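Participant: How does the following fold in three dimensions:
(one chain, ligands or ions: 1)
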Amino acid sequence: MSRSTNGTFFLNPPVTVKEFQKKFEKIAPPAIAWKGDNVGLQIGRESDIITNILVALDMTMDIAVEAKKKKANLIIVHHPLLFHPLKNITPGSRVGEIVLYLTEQRINLYAAHTNLDSVKWGVNFVLAKMLTVKNLSVLSPLKESLTKVVVFVPLQHVERVAESMHDAGAGTFSKYDTCSFRTEGTGTFRGMRDAQPFLGEVGKLERAQEIRLEMLCETWKINAVLSAMMKAHPYEEVAYDIYPLSNKNTEYGLGAIGDLERPLTEKQFLAMAKKRLGVPAFRFSKGPKTIQRVAVCGGSGSELINDAVNRGADAMITADIKYHTFQEFEGRILLIDAGHYETEHHVLPAVKDSIKKITEKKKSSAKIFMTEHSTNPIHYFL
Ligand SMILES: [Zn+2]
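Facilitator: This next block holds a predicted model:
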């Protein structure tokens, strides 16, 4: 047993915030977050050893105090506390008071926002499953996130290079890994002065039997893949190409869409959604009489309503819908505003489970808590 930086005890082996972050970001990559988002470690030190972890949707003073009580020096939230630039950090503002408390208590704060919205284990798929929606796919797949890597490798070295690239994450897509395409051909080169060619002699035109090895790679893995490729490749100068692809990445993206097992009437669907989401009421505008294809987007998903209509959804559940948006889509889709918190907080058990898997794998004794507080600022007066 050892003492951590904030005075609490932890059992070995210790896991640092940085180690945790590295593992967590494999399942919720920050690179898939919306470009204007602010995700990752917001307050704290990567070198701190984790005592316990508290999971919540929002960062409030109640959550900060709960973390201290539970001896948790890492809080994972969905909504970033630090989003807009701060002019000062004083107890006079909500954010300032929380920042001061966390730094004084040496509690780290980490935000997984639109990256948690965009993974298949995250906010939207959890919400859709709660509503018994099956055959799920991403409603708005991620764009500009796929790359093709092509490298020319001498015949005998192709397996080694391919294996290294696969280990770094290339050639994995959906339910398949170690995917590649190989074509054989002849490479030519002539080493000039000071060259140290792997094959042949300086100043002499050489021909080598090579494989054109190509793999799909998610853009955020490209540096790791290139460095693994270079390390495994025998040539002094490696010939390779990187092509950005226009293909959509259907593994990640916002919203989810799928089908109910059997069609429901509007009234049956509304009753089922109300019960399953545990909400006292919600706002909606009318759509088709029969509901089978359903789209969801936890939180503010108005921008995805067109995608839902284009993909044939009879109903969509999201939040923060404006009056004129209801008006625009009236009659085309059953549009339900079930509340921001109400459509997002269901993801917390999934976050807790994913973190637990990470700490258990690291044999850490850190406990993972889900907050006991509702951080919903909105109440209903019925
Ligand atoms: Zn949200």
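Participant: Please list all residues in contact with Gly122.
Facilitator: 28, 115-116, 347, 350 (CB atoms under 8 Å, 6 or more residues apart in numbering). Backbone N, C-alpha and C define where each C-beta goes, glycine included.
Participant: and if you look at Tyr101?
Facilitator: Contacts of Tyr101 by CB under 8 Å, 6+ apart are 61, 64-65, 107.
Participant: Apply 6 Å and report the result again.
Facilitator: Counting by CB atoms under 6 Å, 6 or more residues apart in numbering, Tyr101 touches Ala64.
Participant: That one in helix, strand or coil?
Facilitator: helix (DSSP: H, G, I helix; E, B strand; the rest coil).
Participant: got a pLDDT number for it?
Facilitator: The per-residue pLDDT reported for Tyr101 equals 98.
Participant: how far away is it from Pro377?
Facilitator: When distance is defined by CB to CB, to the nearest Å, Tyr101 is 19 Å away from Pro377.
Participant: can you check Glu218 too?
Facilitator: The gap separating Glu218 from Pro377 is 36 Å, by CB to CB.
Participant: so which of the contacts of Gly122 is the most crowded?
Facilitator: Leu116 (27 neighbours; other CB atoms under 10 Å).
Participant: ok, that residue touching Ala28?
Facilitator: Yes: assessed by CB atoms under 6 Å, Leu116 is found in contact with Ala28 at 5.4 Å.
Participant: quick revisit: how about the contacts of Gly122 in a markdown table, adding pLDDT?
Facilitator: Conversion of the contacts of Gly122 to a markdown table gives the following (pLDDT from 0 to 100):
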| residue | pLDDT |
| --- | --- |
| Ala28 | 97 |
| Asn115 | 97 |
| Leu116 | 97 |
| Val347 | 98 |
| Ala350 | 97 |
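Participant: Narrow the residues you listed to those in helices?
Facilitator: Secondary-structure check on these using DSSP state H: residues within helices are 115-116, 350.
Participant: Pipe these into JSON lines and attach distance to Ser164 per row.
Facilitator: Converted to JSON lines, the ones in helices among the contacts of Gly122 look like this (distance: CB to CB, whole Å):
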{"residue": "Asn115", "distance to Ser164": "27"}
{"residue": "Leu116", "distance to Ser164": "31"}
{"residue": "Ala350", "distance to Ser164": "33"}
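Participant: Which member of those is positioned nearest Lys35?
Facilitator: For those, the closest approach to Lys35 (CB to CB) belongs to Asn115, at 11.7 Å.
Participant: That closest one: what's it in contact with?
Facilitator: With CB under 6 Å, 6+ apart, Asn115 has these contacts: 28, 30, 32-33, 39.
Participant: if you set the cut-off to 10 Å instead, what comes out?
Facilitator: Each residue near Asn115 by CB atoms under 10 Å, 6 or more residues apart in numbering is listed here: 24-25, 27-34, 37, 39-40, 122, 252.
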